[in-house]
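> Give me a 3D structure for the following:
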Amino acid sequence: MTGQERRAQLLDVGRSVFSERGFEAASVEDIAARAKITKPVVYEHFAGKEGLYAVVVDREVQRLLQRISEALQGEDPRSLLEQAALAFLTYIEDEPPGFRVLVRDSPVTGSTGTLPSVIGDIAKQVEYILRDEFKERGFDPKLSALYSQALVGMVALVGQWWLDEGEPKREDVAAHLVNVAWNGLRGLEPNPILKIKEGTDN
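Sure, this is the predicted structure:
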């Protein structure tokens, strides 16, 4: 393997080991054994477990943010919320090892890679959706940051539960999440469906 190919292999192997065992339980020995190399090769590329973990987490965060950013189309606030929720859940469904890395334990030496830090990064990307809606309705736009954290956190935590349960369908989970977010508990629709799904069926 070239150095670049070996690095890519170690990132994939590290992702798998961290997903299964978490940061604390994983070891350089585990990673080297699965990659069928010696421990010094891991240190050569990443200087140890912490370095490999940091790169794995950063790559997963970027993959998730890219999916959400690419999914946001149009200006209708509800559609944008639906698109963001669906993109997040699609990432969870397509990349369960990556998502498990993000929500498992992380090094006590830093805050990156913890679920709150990931939620914060994503919330910043979708905050403008709420800010525009707040302005239009006469609410304080400064509160959009608070609400975006709450909404993204809700999707992330429900996503953890959904990944373990395996049901209901992704679109149904997204529809119910947006139902709570958009209508509030007082205005819940009994059988919510995604408006963007209705548009694609027509």
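> Verify the stated contact: Lys195 with Leu80.
No: at 10.9 Å, Lys195 does not count as touching Leu80 under the criterion of CB atoms under 8 Å. All C-beta spots, glycine's among them, are computed from the backbone N, C-alpha and C.
> Give me the more crowded residue out of those two.
Remark: of Lys195 and Leu80, Leu80 carries more neighbours, 21 against 14, as counted by other CB atoms under 10 Å.
> so what's that one closest to, chain neighbours aside?
Of all residues not flanking Leu80 in the chain, Ile129 sits nearest, at 4.6 Å (CB to CB, 6 or more residues apart in numbering).
> Phi, psi for that neighbour please.
Dihedral angles of Ile129 (phi, psi; degrees, to the nearest 10) stand at phi -60, psi -50.
> Could you report the neighbour count for it?
For Ile129, using other CB under 10 Å, the count is 23.
> For it, give its distance to Ala150.
13 Å (CB to CB, to the nearest Å).
> pLDDT-wise, which helix or strand of the chain ranks last?
The helix or strand of the chain with the lowest confidence, counting by mean pLDDT, DSSP states H and E, is helix 195-201 at a mean of 66.
> Spit out the contact partners of the most centrally placed residue in the chain.
The residue lying closest to the centre of the chain (CA atoms, centre = their mean) is Leu64, at 5.1 Å. By CB atoms under 8 Å, 6 or more residues apart in numbering, Leu64 lies in contact with 88, 91, 98-99, 102, 118, 122.
> C-alpha coordinates for stretch 66-77, PDB please?
This file holds the C-alpha atoms of stretch 66-77, laid out as PDB (Å, rounded to 0.1, in the frame of the first residue of the first chain):
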ATOM      1  CA  GLN A  66     -22.300  17.800   3.900                       C
ATOM      2  CA  ARG A  67     -25.400  15.700   3.700                       C
ATOM      3  CA  ILE A  68     -27.500  18.200   5.500                       C
ATOM      4  CA  SER A  69     -26.100  21.200   3.600                       C
ATOM      5  CA  GLU A  70     -26.700  19.500   0.200                       C
ATOM      6  CA  ALA A  71     -30.200  18.500   1.200                       C
ATOM      7  CA  LEU A  72     -31.400  22.100   2.000                       C
ATOM      8  CA  GLN A  73     -33.200  23.300  -1.100                       C
ATOM      9  CA  GLY A  74     -35.700  26.200  -1.400                       C
ATOM     10  CA  GLU A  75     -36.900  28.700   1.100                       C
ATOM     11  CA  ASP A  76     -40.000  27.300   2.700                       C
ATOM     12  CA  PRO A  77     -39.100  26.800   6.500                       C
END
